[in-house]
Each structure stands twice: as structure tokens, then as C-alpha cells.
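> Structure for the following, please:
(one chain, ligands or ions: 2)
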Amino acid sequence: MKAARGSAGSGGVVVPSEATASSQVAAPSGSAGVPDARPLAVEIDGLAFAYPDGRQVLFGVDLAITRGERVAVLGPNGAGKTTLMLHLNGILTAGAGSVRIEGMPVAGPQMREIRRRVGLVFQDPDDQLFMPTVGQDVAFGPANLGLRGPELADRVADALSAVGLAGHADRPPHHLSLGERRRAAVATVLAMRPDVLVLDEPSANLDPAGRRELAEVLGGLDLTLIMVTHDLPYALQLCARSVILDQGVIAADGSTASLLGDEELMAAHRLELPFGFNPRHVLTDSGGAMP
Ligand SMILES: Nc1ncnc2c1ncn2[C@@H]1O[C@H](COP(=O)(O)OP(=O)(O)OP(=O)(O)O)[C@@H](O)[C@H]1O
Ligand SMILES: [Mg+2]
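Residues are numbered from 1 along each chain as shown. Ligands and ions are numbered 1, 2, ... in the order given. I've put the predicted structure just below:
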């Protein structure tokens, strides 16, 4: 579904003249018709963004995520998913509209606090690993927060063992396989103990056991989780709610099971379930048995 595109807004981006053309598939959170009273962890209003070369990617994204929710962000290649994620801790800043984390605008003097609260695992692990050893990479963030000595060592050990990389602390990141580097990148962020964990395609390049082990780690975390993924069974397993981002707008928002079960919607946004996978015949960590 295409977004309504309107007049040029501030920062050289085009913003929708009216509400975006997103379709609400089901109540995003809370049970039928009951408003959710939990505070918002993430609040995105009318976010539009163009890269410096003039290419506009986001056209008015509205998204509210309550504290403790787990939300998958689905959508085809080039939809703007990574671009949207990079706005959550201020790596990119809104051309128009606003992003708030726990009520704080992602801008200005709060940026340091925002970066402490929002942990972002990049799509490419090599963007996250830059120190001589894996252990130093994982220690980098907590050390910046002032942790030292045994407290810092414990953080590093906990984070590495959570992703199945205990014993790899002294290895240079470039000696790790891609799957191992991805897990190391997750560890660098877990070591920060963030309130909001944002993962860009966390299961890519993991072997089946590594994928399951990471799901167990993520499923056990008590925080707000936002996960961009093309791995639709992973979304169903870990996230009760999903949104579809397509052409820079939220095209659908609802329970993951209802979205994945809507063949027309899926086809409209180039989403395809793996061969033989039926979302109605699986058990999930997030929602129990499918109807
Ligand atoms: N630095 C950049 N400068 C200009 N255009 C960019 C830049 N980064 C990304 N884009 C463009 O923005 C659009 C959205 O890219 P983005 O990486 O957000 O998509 P995505 O939904 O994450 O895709 P994928 O599923 O392939 O990871 C693409 O058309 C891409 O070519
Ligand atoms: Mg991406």
C-alpha cells in the first residue's frame, strides 16, 4: 500500500499531508479494545527522512511501542527498516517528525542517556566490532559507562556466555566466522544492559542451533525488544506483535500470527513464509498455540 505523499516538509523531506495510509490489522497491544496503560518505550510520530543524496526513504512513520513489548519489523529489501532503526538512538536524526525513547526526544542533551538505554545491534556485525579482541569490544561500552575491574569482567563474561562465545574473549573479531561475529555484536549490546534492544536481522547467518540459542537468550530478556527480520518464523517465535514497513510507511500493524496468516497482505509486501511453514500449526514463545 502506498503512503499518501504531500507537500515538502522541513529538512528537505516530503511529509504526508494527512494521516499515513497504514492499515490497522489488529489491536497492536493489550486485549480487545482495552487501552494499554503501560508507559511508552518508543514513540515515533510522523518520521520522515531523506539521505544527504536526496533519496527519501521514510515518508511519515507513526509507531508506538509500550515498555516490555516485543515487536518485529518486517518488510521487503529497501523498505527503510534499517534507516528507521538508526533513528532510535540518534545515529540518524529525523528530517521531519519526532522520535522519543521513554518520553525523551532523541536529540540534543539527552543523547548520551538515549544511547545508554537503547542498544542497537547493526545489520552488519563488522560495523560493531572494531577493537583488537572480542573481549575488548564487549567491554568497550560498559567501560565507557565507568565500569572497571571485576564488575566489568563479569559483564563481559556474562554477555559472551549469553551468546555462546565464552572462551572467545581473546580472539580478534576478524578471526571469527560471520555467525560468531553476529553473536559477538549482540554481546557488545547485551553488556550495556539496555532498556530497549534493537536488533537488525539477528538470525542472519546463524546456524540452526545458534539461531535457537539466540532466541532463547532474547526470549529470556526483560526489556523492550524491536527486531528487524526477514526470518518470519523467528518473528512469530519471539514477537507477539509485528509491523510491516514498506516504501517508508507502516503498512500494517498487528499480531504476528494475524499478519503472517494474511496471504493477501503478505503478497502485497513481498513477504513469503518458508516452504512448508504454516503459522497456524506452531507453538510460539510469545503467544502460545496458534488459533
Ligand atoms: N547512506 C545512504 N545513502 C543513500 N541512500 C541510502 C543510504 N542507505 C540506504 N539508502 C537507501 O535507502 C533505502 C532503504 O534502505 P534500508 O537499508 O533502510 O532498507 P532495509 O529495509 O533495511 O532493507 P534490507 O531488508 O535490504 O536490509 C534503500 O533504497 C537504500 O538504497
Ligand atoms: Mg536493512
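> Tell me which stretches of the stretch 151-291 of the chain form helices.
Ranges of helices within the stretch 151-291 of the chain are 178-190, 208-219, 232-238, 256-260, 263-268, based on DSSP state H, counting those that start in this stretch.
> Please name whichever of these is nearest to P279.
helix 256-260 (4.2 Å; Cβ to Cβ). Every residue, glycine included, has its C-beta placed from N, CA and C.
> can you give me the strands in the stretch 101-250 of the chain?
With strands called from DSSP state E, counting those that start in this stretch, the stretch 101-250 of the chain shows them at 104-105, 118-121, 196-200, 224-228, 241-246, 249-255.
> So what's the residue count around D207?
Counted by other Cβ atoms under 10 Å, the residues lying close to D207 total 10.
> Give me the distance between the nearest residue to it once chain neighbours are set aside and P208.
Excluding the flanking residues, the one nearest D207 by Cβ to Cβ, 6 or more residues apart in numbering is G179, at 6.1 Å. Counting by Cβ to Cβ, to the nearest Å, the gap from G179 to P208 is 11 Å.
> With neighbour numbers in mind, choose between these two.
G179 (17 against 8).
> rewinding a little: ok, the residue nearest to D207 touching N205?
Yes: with contact defined as Cβ atoms under 8 Å, G179 counts as touching N205 (4.9 Å).
> give me the number of residues near the nearest residue to G261 once chain neighbours are set aside?
The shortest distance from G261 to any non-neighbouring residue, by Cβ to Cβ, 6+ apart, is to P279 (5.4 Å). Applying other Cβ under 10 Å, we find 20 residues neighbouring P279.
> what does M131 give?
Here the number of neighbours of M131 (other Cβ under 10 Å) works out to 14.
> For the residue nearest to it when sequence neighbours are not counted, report the pLDDT, please.
Spatial nearest neighbour of M131, chain neighbours left out: D137 (4.4 Å); criterion: Cβ to Cβ, 6+ apart. Looking at D137, its pLDDT is 98.
> Sweet, I'm off.
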